[in-house]
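Q: Sequence first, predicted coordinates after that:
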Amino acid sequence: MSVGWENVVAGKGIELALIGTSIIFLSLLAISGFIYLLPRVLALIATLSGRNAAAPISTEIKKEPLSVAEKEAIIALVLHLELEYQSGESGSVTLRPHESRSIWSSSARMRSLSSWSHHA
């Protein structure tokens, strides 16, 4: 079996590669066009069917002053999370066996610190 460009040309490999590349390019172009036009088509269908199009989402944030209790809760949460992060024990299991007892009898003194905080 010989290997070379003659076999590629004889088997119409170049034409096949160009046609395959064209098909992929046109498919990706069609998908991009569909994604681009989908919101417009859905809005048009919504207006034709008599339904109101989705109201634009306001990016304004209404700022209301926080109460003293809310401020204290935020400060306590930030301090708790920072101390948990700095301790380096998040998600670790610690075991403090006593010298006089077996390690197997100390399961009640095992403490687990969850890596998933339930506070945030």
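A: That came through fine. Residues are numbered from 1 along each chain as shown.
Q: would you list every one of the helices in this protein?
A: 5-10, 13-48, 68-87 (DSSP state H).
Q: Need the ones you listed in CSV (columns: distance to I61 and mean neighbour count).
A: (C-beta placed from N, C-alpha, C; glycine too.) Rendered in CSV, the data for the helices of the chain read as follows (distance: least, Cβ to Cβ, whole Å; neighbours: other Cβ atoms under 10 Å):
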stretch, distance to I61, mean neighbour count
helix 5-10, 62, 10
helix 13-48, 25, 10
helix 68-87, 16, 11
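Q: Among these, which comes closest to K62?
A: Among those, the nearest to K62 by Cβ to Cβ is helix 68-87 (15.4 Å).
Q: one step back: make TSV from the helices of the chain and add mean pLDDT to it.
A: Putting the helices of the chain into TSV (pLDDT from 0 to 100) gives the following:
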stretch	mean pLDDT
helix 5-10	79
helix 13-48	93
helix 68-87	89
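Q: Could you dump these into JSON lines and include distance to K62?
A: Listed next are these as JSON lines, based on distance: least, Cβ to Cβ, whole Å:
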{"stretch": "helix 5-10", "distance to K62": "67"}
{"stretch": "helix 13-48", "distance to K62": "27"}
{"stretch": "helix 68-87", "distance to K62": "15"}
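Q: Distance of the nearest residue to I14 once chain neighbours are set aside relative to L18?
A: Distances taken as Cβ to Cβ, 6 or more residues apart in numbering place V8 nearest to I14, at 6.5 Å, with adjacent residues excluded. The spacing between V8 and L18, counted by Cβ to Cβ, to the nearest Å, is 12 Å.
Q: Ok, L42 next?
A: On the measure of Cβ to Cβ, L42 and L18 end up 37 Å apart.
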